[in-house]
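In: Make a model of this:
(one chain, ligands or ions: 1)
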Amino acid sequence: MINETPQWHALISHHEELASTSLRDLFSADPDRAESLTVEVDGLIADLSKHLIDDVTVDLLVELAEAAGLPDRIAGMFRGDHINTTEDRAVLHTALRLPRDASLEVDGQDVIGDVHGVLDHMAQFAEDVRDGTWRGHSGERIKTVVNIGIGGSDLGPYMAYRALMAYRHESIEARFVSNVDGTHLHQALEGLDPETTLFIVASKTFTTLETLANAKSARAWLLDGLGADESSIAKHFVALSTNAEGVAAFGIDTANMFEFWDWVGGRYSMDAAIGLSVMVAIGPENFHDMLAGFHSMDQHFRHAPLRENLPALLGLIGIWYRNFFDWPSHAVLPYSQLLDRFPAYLQQLDMESNGKRTTLGGEVVDYETGSIVWGEPGTNGQHAFYQLIHQGTTPVPADFIGFLSPDFDDIDHHDALMANLFAQAEALAFGKTVEELRVEGVDESLVSHKSFPGNRPSTMLISGRLTPYVLGQLVSLYEHRTFTQGVVWGVNSFDQWGVELGKVLAMAIIPELTEATAPLEHDSSTNALIERYRKHRMM
Ligand code: G6Q
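Out: Alright, predicted model coming up:
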């Protein structure tokens with residue numbers, strides 16, 4: 001396992017040497033550190049200087065990645081090798097953003113031809129909805145698109161729709177329903193007119209309980225509202241799926257199905273057909289700009305040497321903190337209101353990919369894997385949880401994300417936003433010492449309360465403006481950061497068996513809730529909870 005390699009042990013020794021060095025020391029030893037530790041990739045700037053690293057750290061981390069075989073694994077992923085070994089699948093989300101003139105054949109499939117065929121189908125449909133060619137059953141234009149999906153079939157498009165609000169069609173709104181809690185669909189349908197509503201049922205497998213329950217209720221709402229027969233469904237329901245049979249069985253014409261393939265993982269599918277709601281909202285051209293941003297970062301990850309490779313460096317620095325400092329969590333703090341769902345999106349990307357305890361070879365690891373990913377946009381988070389990041393007992397490495405230009409020009413708060421962004425990273429890194437507080441004449445009884453330890457590391461990601469292209473770069477950056485960590489930890493970042501057990505148990509419990517006399521054979525706690533619910537249900 002990776003923790004038995006000399007490269008891992010070299011990092012343990014290096015950590016012991018560096019443990020007593022502070023960011024203040026590192027900056028005074030090398031005043032040009034910000035310059036030498038800033039990486040630029042196609043206009044995206046990453047300042048890595050506020051990390052507890054020096055040149056030796058980077059060398060050792062790169063050696064660790066090489067020992068884990070990262071370069072070969074990158075090549076294998078892009079080539080279409082079946083690196084998702086537990087499901088025997090290729091992992092080719094990077095092919096979803098290859099240009100039309102590229103070529104890639106995997107397992108006998110012309111991947112590029114198929115990808116662009118579906119993109120063209122999506123573009124035609126999106127244009128038709130946007131310009132009113134596609135109309136509802138009664139001839140009305142579509143005003144609201146409701147995406148029904150969950151997990152990977154929800155978080156990506158929802159995040160991107162919110163992030164790209166500035167590019168949205170002025171008279172088409174998108175809403176997103178994921179939770180099986182009926183309240184979610186209830187809220188999403190509030191104020192909607194069935195005649196102007198289009199449902200996009202997004203489900204890779206088309207078997208997901210939540211999505212099928214929401215889609216069935218949405219269909220009933222539509223038919224009831226239109227007072228029409230099943231033939232009206234064709235104008236108000238389309239599907240995004242790999243399962244044509246399931247789509248047809250639900251009653252959606254497969255001509256209105258946008259296909260993708262088993263080599264696209266759910267959490268990696270926002271730029272496959274699962275992005276249809278986003279394409280309808282922002283238009284095919286902007287969607288293609290987003291794909292170009294993804295592709296640009298893909299190319300960088302595929303070809304840049306590891307020492308200059310931004311996704312790899314971010315992944316390795318994350319491993320440095322997770323495994324050698326033993327810091328379990330990672331905050332993502334976008335200074336952009338439009339990225340309010342970005343941390344939630346990354347939470348799935350990272351935690352579902354690398355929250356694993358078994359290596360590819362089937363051994364249970366004896367080192368930490370996966371981080372707890374969380375965050376909120378700044379400045380809101382500053383008034384909520386930053387206290388713990390500044391003065392709590394366990395440091396939380398953070399990614400700050402900011403943009404030089406605001407999204408909208410009518411309200412000018414951008415200097416205040418950016419000042420807060422820069423100030424937080426500065427305060428975390430350098431803190432405030434007891435001596436500084438005494439010089440300022442702070443009352444002795446408050447000195448220890450007011451002192452900040454500093455030495456809390458962060459990445460600062462800066463770009464010009466949050467465009468579709470830049471969003472593509474950012475998502476791809478994090479996808480490959482996640483991949484890098486999965487490779488070093490030796491886990492399969494592309495399966496999610498841990499989600500299964502709860503699903504299976506829920507399916508067993510559903511009939512037990514409705515049949516008051518069904519025998520219960522769970523543990524005493526679960527039995528008592530079911531009994532209590534059954535009694536309440538019968539009242
Ligand atoms: C993502 C996961 C999971 C999945 C949902 C929805 O990588 O596999 O979040 O996206 O369970 O699945 P369907 O798209 O099949 O409904």
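In: got the residues of the stretch 1-150 of the chain near the ligand?
Out: By the rule Cβ under 6 Å from any ligand atom, the part of the stretch 1-150 of the chain lying against the ligand is G149, I150. Glycine gets a C-beta too; all of them are placed from N, C-alpha and C.
In: where exactly do the helices run in the stretch 1-150 of the chain?
Out: 6-18, 23-29, 33-36, 55-67, 70-79, 111-131 (DSSP state H, counting those that start in this stretch).
In: what would those helices look like in CSV with mean neighbour count and distance to V439?
Out: CSV is the format used below for the helices of the stretch 1-150 of the chain (neighbours: other Cβ atoms under 10 Å; distance: least, Cβ to Cβ, whole Å):
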stretch, mean neighbour count, distance to V439
helix 6-18, 15, 29
helix 23-29, 15, 16
helix 33-36, 14, 26
helix 55-67, 18, 33
helix 70-79, 17, 48
helix 111-131, 18, 62
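In: so where do the strands sit in the stretch 201-350 of the chain?
Out: 237-241, 257-259, 329-334 (DSSP state E, counting those that start in this stretch).
In: what's the most buried one of these?
Out: Mean neighbours per residue, mean count of other Cβ atoms under 10 Å, is largest over the strands of the stretch 201-350 of the chain for strand 237-241, with a mean of 26.
In: So for that one, mean pLDDT?
Out: If you average the pLDDT over strand 237-241, you get 97.
In: Check what contacts it and list those residues.
Out: 125, 149, 153, 198-206, 215, 219, 222, 247, 250-252, 256-260, 272-274, 276 (Cβ atoms under 8 Å, 6 or more residues apart in numbering).
In: Can I get it in PDB? Just the C-alpha atoms.
Out: This file holds the C-alpha atoms of strand 237-241, laid out as PDB (Å, rounded to 0.1, in the frame of the first residue of the first chain):
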ATOM      1  CA  PHE A 237     -41.800  15.300 -20.600                       C
ATOM      2  CA  VAL A 238     -38.300  14.400 -21.900                       C
ATOM      3  CA  ALA A 239     -35.800  12.000 -20.400                       C
ATOM      4  CA  LEU A 240     -32.000  12.000 -19.900                       C
ATOM      5  CA  SER A 241     -30.900   8.400 -19.400                       C
END
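In: Up against the ligand, what does this protein have?
Out: 149-153, 203-205, 208, 211, 265-267, 352, 496.
In: Which ones among these map onto helices?
Out: Using DSSP state H to define helices, the subset of the residues of the chain next to the ligand located there is T211, E352.
In: Show me how to select, in PyMOL, the buried members of the residues of the chain next to the ligand.
Out: PyMOL command restricting those to the buried ones, with burial defined by 16 or more other Cβ atoms under 10 Å:
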select buried, resi 149+150+151+152+153+203+204+208+211+265+266+267+352+496
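In: could you pull out the helices for the stretch 351-500 of the chain?
Out: Counting by DSSP H, counting those that start in this stretch, the helices of the stretch 351-500 of the chain are 386-391, 414-430, 434-439, 444-450, 468-489, 500-514.
In: Can you tell me which of those is most buried?
Out: Buried most deeply of the helices of the stretch 351-500 of the chain, by mean count of other Cβ under 10 Å, is helix 468-489, with a mean of 25.
In: Can you redo the helices of the stretch 351-500 of the chain as a markdown table, where the extra columns are mean pLDDT and distance to I282?
Out: Shown next, in a markdown table, are the helices of the stretch 351-500 of the chain (pLDDT from 0 to 100; distance: least, Cβ to Cβ, whole Å):
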| stretch | mean pLDDT | distance to I282 |
| --- | --- | --- |
| helix 386-391 | 96 | 32 |
| helix 414-430 | 98 | 23 |
| helix 434-439 | 96 | 48 |
| helix 444-450 | 96 | 47 |
| helix 468-489 | 98 | 6 |
| helix 500-514 | 89 | 33 |
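In: P305 is nearest to which of these?
Out: helix 468-489 (13.8 Å; Cβ to Cβ).
In: starting at the chain centroid, how far to that closest one?
Out: 9 Å (Cα atoms, centre = their mean, to the nearest Å).
In: try stretch 110-128
Out: 24 Å.
In: circling back: could the helices of the stretch 1-150 of the chain go into a markdown table alongside distance to G283 and mean pLDDT?
Out: Output for the helices of the stretch 1-150 of the chain, formatted as a markdown table (distance: least, Cβ to Cβ, whole Å; pLDDT from 0 to 100):
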| stretch | distance to G283 | mean pLDDT |
| --- | --- | --- |
| helix 6-18 | 47 | 97 |
| helix 23-29 | 44 | 96 |
| helix 33-36 | 39 | 96 |
| helix 55-67 | 39 | 98 |
| helix 70-79 | 29 | 98 |
| helix 111-131 | 6 | 97 |
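In: With distance to A163 added, can I get these in JSON lines?
Out: Converted to JSON lines, the helices of the stretch 1-150 of the chain look like this (distance: least, Cβ to Cβ, whole Å):
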{"stretch": "helix 6-18", "distance to A163": "36"}
{"stretch": "helix 23-29", "distance to A163": "31"}
{"stretch": "helix 33-36", "distance to A163": "28"}
{"stretch": "helix 55-67", "distance to A163": "30"}
{"stretch": "helix 70-79", "distance to A163": "25"}
{"stretch": "helix 111-131", "distance to A163": "18"}
